[in-house]
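Colleague: Curious how this folds, go ahead:
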Amino acid sequence: MTAPDPVGSSLPDDPPRGTAAAAGTASGGEGETPSGELSAPLDLWSDHVPPVLAAEPKLPPPPTDGFDRRVYLPDIEGWHARIKQGWDNDYCYAKSPGQDYFHLLLNGEVYIQKEHEKFCLNCAVRLGLVTTDRLYWQNGPRPPRPTPL
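Modeller: Numbers count the residues shown, from 1 in each chain. A predicted model of the protein is given here:
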């Protein structure tokens, strides 16, 4: 039994990769297998895995709990969503409950920023800067209607 092919799909009747029947000749054309049969033309890209894809970490499958992980910014004026890049010390502008210090934003963390104020998403949700309510625009406070003349 052979291992599944992680790069491409191969039919069960195809010879395993890396064998003389699959590789053809060194010149890249049609070759002769040890049994004397002609093989298909050599596909130079069949075993090629780009280094970026080969180096990607294996992420766990997404949870199927149905929890919506999207956040919404009801008041978007001046706010920007950012991704922390680098290992310089940037701190969240709010302190977590029970802590007397400002916590670090880590490399790759998503945060929101308005001018020089940076908030991690946990603090932003806790302070009401962002919401997980998808219908915030329906449920939020409505501006007063202008009085008719």
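Colleague: Low-confidence ranges, the protein, go.
Modeller: 1-57, 62-63, 140-145, 147-149 (pLDDT under 70).
Colleague: now the helices for it?
Modeller: With DSSP state H as the criterion, the chain has helices at 20-23, 51-55, 121-127, 136-139.
Colleague: list the buried ones in stretch 126-142?
Modeller: For stretch 126-142, a neighbour-count test (16 or more other C-beta atoms under 10 Å) marks 129, 130, 131 as buried. The C-beta positions use only the backbone N, C-alpha and C, and glycine is treated the same way.
Colleague: CA-only coordinates of it, as CSV, when you get a sec.
Modeller: This file holds the C-alpha atoms of stretch 126-142, laid out as CSV (Å, rounded to 0.1, in the frame of the first residue of the first chain):
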residue,chain,number,x,y,z
ARG,A,126,-14.7,44.4,26.6
LEU,A,127,-14.7,48.2,26.3
GLY,A,128,-17.4,48.2,23.6
LEU,A,129,-15.2,49.6,20.8
VAL,A,130,-16.0,46.6,18.7
THR,A,131,-18.9,44.2,18.9
THR,A,132,-19.7,40.6,17.9
ASP,A,133,-23.3,41.5,17.2
ARG,A,134,-23.8,41.3,13.5
LEU,A,135,-27.0,43.3,13.7
TYR,A,136,-25.4,46.2,15.7
TRP,A,137,-26.7,48.6,13.1
GLN,A,138,-30.3,47.5,13.8
ASN,A,139,-29.9,47.1,17.6
GLY,A,140,-27.8,50.1,18.4
PRO,A,141,-29.0,53.5,19.6
ARG,A,142,-30.7,55.4,16.8
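Colleague: Contacts for that stretch, please.
Modeller: Under the contact criterion C-beta atoms under 8 Å, 6 or more residues apart in numbering, stretch 126-142 has outside partners 68, 70-74, 79, 94, 97, 112, 119, 121, 124-125.
Colleague: Mark which of those are buried, thanks.
Modeller: 71, 73, 79, 94, 112, 119, 121, 124.
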